Structure formats: structure tokens, C-alpha cells
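> All I have is the shape, not the residue letters:
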């Protein structure tokens, strides 16, 4: 029951609830408990306490059952006889003041007592409601269908001025109508407040000068609610409270036989002040609907709910309105006040479809010099459409009514989002009515509707429509420009066609060579002066293309030049393998968007092309050692520019050193005075030259670098070896040592 005091503010004209404030600790008040009268703390569902004072200054004591920590509200009726607004103070068991106004949180020791002081002689009613817990003891309030009679009578309790009614969580619609109506002719004030389980008001209102009040409530599935009614006291019921099912899927609504402008309306009667009727219409969600409610009394009210149950702002009594943007609508009709009228009250509901939003249509004919006719109860509308041309700033309608009729012109634009509700009634002038649409809305269409406001009757009329500058003529279908006029063939492009009377465009097509293989664009938006359409031109052949717009009134063409676009490189090419003399390196092509269909290659050294090196792989010769090696790959695809990218430059290193597959060997007789030779062995890769180094016992023999060596006597007994260095151009040197031989005598 949190936030209950917010709900009571709405009923401030009915129940005296002082502003909330903090509890104040005052000096102890002497209270004789024996003089206190026990009262309840469920003032919404129980009788109030009735007391009286013989003179000013007397004090009554009421003892509460509420425990420490509870929160309570004090309720006193207004507009009643006797003492209307007694003062009160809440004290604890020790007599310490807890609070004396507004919402009261009980502190100190229980029990708590209310001390009521009268400003003068007279009787009074006083009730207490505990607000920190769920309401209990509330009567069930039945759910009726729209058009059905039902509800409960409220009042008739001399000692009760507040009543509550339970709305179970599993027994309500998503949208409901709560009504409270006076019974009989007695003027009185009452209020209704629908609370959620936390005590927060979700809808409500109160009666004052009207005979009935209707509240539209959105209810959450699975949540319980409580309807609280504050009313007058008396011996007979003074009000009738009811709730009706206005749910999105369950509302009991009539459907129109015709939605043509001027077509037959939905007819019905409202049989009582709180009787409710409903009309349902459906749509695609992008159409315009005219909604007008006409009745035999000016007290007829209506509201329009969209397909989700939300009330559309701007649709109410005495004026028609235009709605758009929902797939369905429910029109709720009731009459809250009818002065000196005998029920039932007849009504008519016009539900006319005015075509798709922002699209020219033939629902309303194009404006002529004059419009004339007679509006009747069964055919209450005529319309014309006025195309708004460039620099056309005003549309004027001068209408004269014969025989005192009240046919009225209304003007609105078909595709302006802010013009979704009120229909734009034209102001009255000396000789009729005149509409002026000020502003530059070139490319839109104005609809002029001739219809009654709310009256039932028959009304002859004659209307003249003019435009500034004149005339009100829709120009021929034409395309005078295109943007952009040129585009690369690398993806979607949005084209804007400018011209005249383009709102009726049904298609945009690209073609060339006499119309072969046309490409259809998707229309994004359209108005009288422009059409935007998107088309994917990826890989379309370069050249001039015809862009043709089509409508029911003809075709119009502009030209678009497509240029061949390069491919997009999404990953650069790289080399695979070791970049050194003798190695074969390969190219990773990289990636392009869209994918190429073929590639070409050119290898370079220090930036210069290498003759004949045009494959995806390259074996590096010795002449490249130390140079900067790279490769350029060119990606190709039909209708696109060839796109080239190069790998990073890499310095060519030395090739691998030759390695002896057969070791060097000393040949000949190893005796003093003899000459021995060296066999260089077998090397891979093959060496281009050799160098020799002879050694005795591992030490180099100075000057011994030939392939043969004459042995000296001084070397007898020593071990002879030879180190062979194999050389190859562009490669690192390779070395190998022969087995040792011992020099003999």
C-alpha cells in the first residue's frame, strides 16, 4: 500500500487528507484509556466512526489496532453536514504525540490513540486506513463486456464514505474502462481511483458537474488491483460503479460496413450516462484513417486506442481526428453529460480510409474549381486532394453553408508525422470558413475534407478551393535530376531522383543496351519531388546506364555513369621461403574483395623488374646476392580495374655453404722426399673453386696452399692433414679436413 497518499490527492475535493509531514514529539498528553473507543484501521472497507461535539474544544479518543511501525491515513469527508474538518492528533501509549497531520508512521509504544477536537457543535465521520499492507475486505467488482449493463451500486451507507473493490490478478483484461455514474438527479461529488498492489494509482478521476466519469486503465497481466471509491453518505445508493473489458483482443466492438469516404457510418445508441460502446477498425499500419463521432447531443465523448491499447492523444469530443501508424484501432464511445436529455442518445461513427501515408492515391479526387453537395447522417463526408507544388505556400478553402448547416472544412497533410491526430479544422470567417496552410511543404499532398464536427443532420454546401500561387494543378510525372550522376561499381549506391509528381513511383530500374538484363532498385522513400532508391552496382559493367522510374501515370528516365572500381586489398601479399641465393621463394597472393579471377606477377631487384621472372615462384641466382627482392601481384576481375600490390622488399642473403659428401683425401706415398697430392672430394652444392691448407700435427705449414706438397725429412714421423675450402659464387664457404697420414722415412 505504498504511495496511497498520492491517490488521495486526486480525491482532495472529496476527502480531507492533510499534507504529509514528519511525526513530531510533543509533551505527553493525559488520556484516560477508559474514555477511548476502539475503531478499525480498514477505512476503505469498514464503516467510519461517527461522533459528535456539543461545543467547541471537546475531545474524543479513538483507540487503534495498528502495531508499531505501521503507516496510516486519516480520512474525513467533505461536503457533509455538521463538523466537517475536526482537528486530530495521534499519541502513543505514553501520551507522546506521534503526528497530527498527513500520513502517519506509528512510533513509540502501542496502543495508539487518535484525539479528535471539534471546532464547534455538530457530528462528524472519521476513518483510518492502514496503508503499509495489502487491502482486505474489498467487495468483488465484476467485469462486464462493452455494451452490457452491470456494475455495483455504491453508497447507501450512512456511516461510510469510502468503499473498495477487488480486481483479481487472474480476472482482468489488459485494458479496462472504469465508470462511475450518479444514480438519480441528486448533485454530488464522487471519485474513483484504481490502485496497483503497491498502492500506486494507475488511473482514476472524480465526478463534479458531469453525470458520469470514465477512466481508461492499462492493467498488467498477473497483477491484482483495487478500485477505491470515495462518495457521499446517505440512506440510498447514489452511484453506480462498473468495469468493462476493452482488451486488445477481447473488446466487444462493432466493425464498420464501409471505410470509403462518405460511406455508411457505424450507428448505435448510448442508453445511460455510463453506457459504453466500441467500434474496431484494422489497417496495415501505414494508412491514414479519418475518425469522426457524431451524435444527437453535444455531450458525446470518444477516445481512440491503438493496437497495443495506448490512447491516441488528440482524439476527443466535438472534433474528428486522423490516426495513422497502428494495425488496429478501438474507438470507445460514451456520453458523460447530457443536459435535459432523455436516454437513449443516438450516435454515428465515421471510419474512412484515406490511403497509404505519403503516397498519392485516388481515394480523394484531385481538386477542381468547386465542390458541392449535401452531407447527410448516412453520408457525411466529401474530400479532395491538393498537390503542394514547389513554392506553393497556402491552400485556401472558402465554404458557404446554406439553410444554416454546419458542414466544416478540415485540412491536413498526408505524410507529415506530426499531423497524426487533430484533423485541422479551418476557422470560421464572415462568409463561411477559410483554411490557410502556411509553410513550404513542396512534394506533399493536402487533403481537404468537408464534414460535420459532431452534429447529426443534413447540410447542403458549396466550397471553393484555391492555391497560392495558382493553380492547384498536379504537374506531369517527370525526373529532372539524379544524384549522384556517377558512381563506382563497388557496392550499393543510393540514388535520389528529383522531379515532379514522384510520390506515385512504383519502381526504379537500371538498364542499358536497349533494356537488356535490367537491375531493380529498392525504393527507400518517395515524395512529390523526390524518390530515393538503393541498388547494388557491384561488378556491373562500366558505362552509362538508364535509370527509369515508373508510376501509374508514366515513366521518366535519368542517366547514371558507372566507373570501373579497383578491388580492395584486405591482406597484402607476402613471400614464403628463405630469401637467399639458391632458394626458391613463393608468393602468397594476399586477399582482395571481391575475389579476383586471375593474377599476374613481376619479381623485382632493387625496384627494377627481373627479366622473365613472372611466375608465382622464383629461384634466386647468385647475381641477386645483396639485392632487395620483392614481387608485385596484380589481381584481376571482370568489369573491375586491375589492382596491384607489392610484397615487402627483402635483402637476398648468402646461399648455403657447400658440404662435402665425400671427404678430401691425401694421395701418393707419404715418405720424405716424395710429393703427395690432395683429392678435393665431392661437394654439394658443387663448388666453383677450392683453396688448400696443409698442416703438420695440426699446425699450418706456411705457404703450403697448392694442391700438392713435397715432403721433407724433418717431417718424418709427423701427421699430415689438408683442409679444403670449397667456394661457390654467392654462397658461404664450406670446409672439410682429410684424414691424417704419417710421414715415413
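Received it, and whenever you're ready, just let me know what you need. Note that the structure is predicted; figures quoted are calculated from it, not measured. Numbering: from 1, shown residues only.
> C-alpha only now, for contacts and for neighbours.
Fine.
> So in the protein, where's the weakest helix or strand by average pLDDT?
helix 4-10 (a mean of 35; mean pLDDT, DSSP states H and E).
> Let me see the contact set for residue 577.
Applying Cα atoms under 8 Å, 6 or more residues apart in numbering to residue 577 gives the contacts 583-586.
> From the residues you listed, pick the one nearest residue 446.
Nearest to residue 446 among the contacts of residue 577, counting by Cα to Cα, is residue 586 at 70.5 Å.
> so what's the residue most central in space within the chain closest to, chain neighbours aside?
Residue closest to the mean C-alpha point of the chain, counted by Cα atoms, centre = their mean, is residue 325 at 13.8 Å. Once flanking residues are discounted, residue 325 sits nearest to residue 285: 4.8 Å by Cα to Cα, 6 or more residues apart in numbering.
> Would you mind measuring from that neighbour to residue 355?
The gap separating residue 285 from residue 355 is 11 Å, by Cα to Cα, to the nearest Å.
> Compare the two (neighbour count), which wins?
Between residue 285 and residue 355, residue 355 has the larger neighbour count (other Cα atoms under 10 Å), namely 17 against 14.
> Assess the claim that that one and residue 363 are in contact.
Yes: Residue 355 is in contact with residue 363 according to Cα atoms under 8 Å; the separation is 6.5 Å.
> Tell me who's in contact with the residue nearest to residue 325.
324-328.
> Please apply the same query to residue 88.
100-101, 114-117.
> what secondary structure does the closest residue to residue 380 other than its chain neighbours sit in?
Spatial nearest neighbour of residue 380, excluding adjacent residues (Cα to Cα, 6+ apart): residue 262 at 5.3 Å. At residue 262 the chain is in coil, as set by DSSP: H, G, I helix; E, B strand; the rest coil.
> And for the one 5 residues further on?
Reduced to three states with three-state DSSP, the structure at residue 267 is strand.
> Okay, buried residues for stretch 575-583 please.
Neighbour-count burial for stretch 575-583 flags 575, 579-583 (criterion: 16 or more other Cα atoms under 10 Å).
> Which of the residues you listed fall within strands?
residue 575 (DSSP state E).
> would you turn the buried residues of stretch 575-583 into JSON lines with pLDDT and distance to residue 317?
Converted to JSON lines, these look like this (pLDDT from 0 to 100; distance: Cα to Cα, whole Å):
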{"residue": "575", "pLDDT": "90", "distance to residue 317": "81"}
{"residue": "579", "pLDDT": "93", "distance to residue 317": "89"}
{"residue": "580", "pLDDT": "93", "distance to residue 317": "93"}
{"residue": "581", "pLDDT": "93", "distance to residue 317": "95"}
{"residue": "582", "pLDDT": "91", "distance to residue 317": "96"}
{"residue": "583", "pLDDT": "93", "distance to residue 317": "93"}
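> which stretches of the stretch 51-200 of the chain have low pLDDT?
The model of the stretch 51-200 of the chain has pLDDT under 70 over residues 78-84, 185-187.
> Helices along that one, start to end?
Using DSSP state H, counting those that start in this stretch, the stretch 51-200 of the chain contains no helices.
> For it, which segments count as strands?
59-64, 71-77, 87-91, 97-99, 104-105, 112-117, 122-130, 139-140, 143-145, 152-155, 162-167, 175-182, 190-195 (DSSP state E, counting those that start in this stretch).
> Paired strands for the fifth one, with orientation please.
It stands for strand 104-105. Sheet pairing for strand 104-105, assigned by DSSP bridges, gives strand 71-77 (antiparallel).
> thinking again about what came up before, any chance of TSV for the strands of the stretch 51-200 of the chain, columns distance to residue 309?
Formatted as TSV, the strands of the stretch 51-200 of the chain follow (distance: least, Cα to Cα, whole Å):
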stretch	distance to residue 309
strand 59-64	43
strand 71-77	34
strand 87-91	44
strand 97-99	43
strand 104-105	38
strand 112-117	45
strand 122-130	33
strand 139-140	24
strand 143-145	16
strand 152-155	26
strand 162-167	19
strand 175-182	6
strand 190-195	17
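> of these, which approaches residue 625 most closely?
strand 175-182 (87.1 Å).
> The closest one packs against which elements?
Using 3 or more Cα pairs under 8 Å, 6 or more residues apart in numbering; DSSP states H and E, the elements in contact with strand 175-182 are strand 212-218, strand 237-245.
> angle of that strand against strand 190-195?
Angle of strand 175-182 versus strand 190-195, following axes from the mean of the first three to the mean of the last three Cα atoms, to 10 degrees, is 160 degrees.
> what lines up beside strand 175-182 in the sheet?
Here strand 175-182 is paired, per DSSP bridges, with strand 212-218 (antiparallel), strand 237-245 (antiparallel).
> Among the ones you listed, which one carries the weakest average confidence?
Lowest mean pLDDT of those: strand 212-218, a mean of 87.
> which of the residues in it are buried?
212-218.
> do stretch 588-608 as well
589-592, 594, 596, 599, 601-605.
> For the residues you listed, name the two members farthest from one another.
Greatest spatial distance in the buried residues of stretch 588-608: 594 and 605, 30.2 Å, computed using Cα to Cα.
> Can you tell me the element residue 274 falls in?
In this structure, residue 274 sits in neither a helix nor a strand according to DSSP states H and E.
> ditto for the one 10 residues further on
Assignment of secondary structure by DSSP H and E places residue 284 within no helix or strand.
> can I assume it is in contact with residue 326?
Yes: the criterion here is Cα under 8 Å, and residue 284 meets it with residue 326 at 7.4 Å.
> which of those two has more neighbours?
Set residue 284 next to residue 326 and count neighbours by other Cα under 10 Å: residue 326 wins out with 17 against 12.
> Export the contacts of residue 88 to TSV and append columns for distance to residue 88 and neighbour count.
Formatted as TSV, the contacts of residue 88 follow (distance: Cα to Cα, whole Å; neighbours: other Cα atoms under 10 Å):
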residue	distance to residue 88	neighbour count
100	6	22
101	7	20
114	6	25
115	5	22
116	4	21
117	6	18
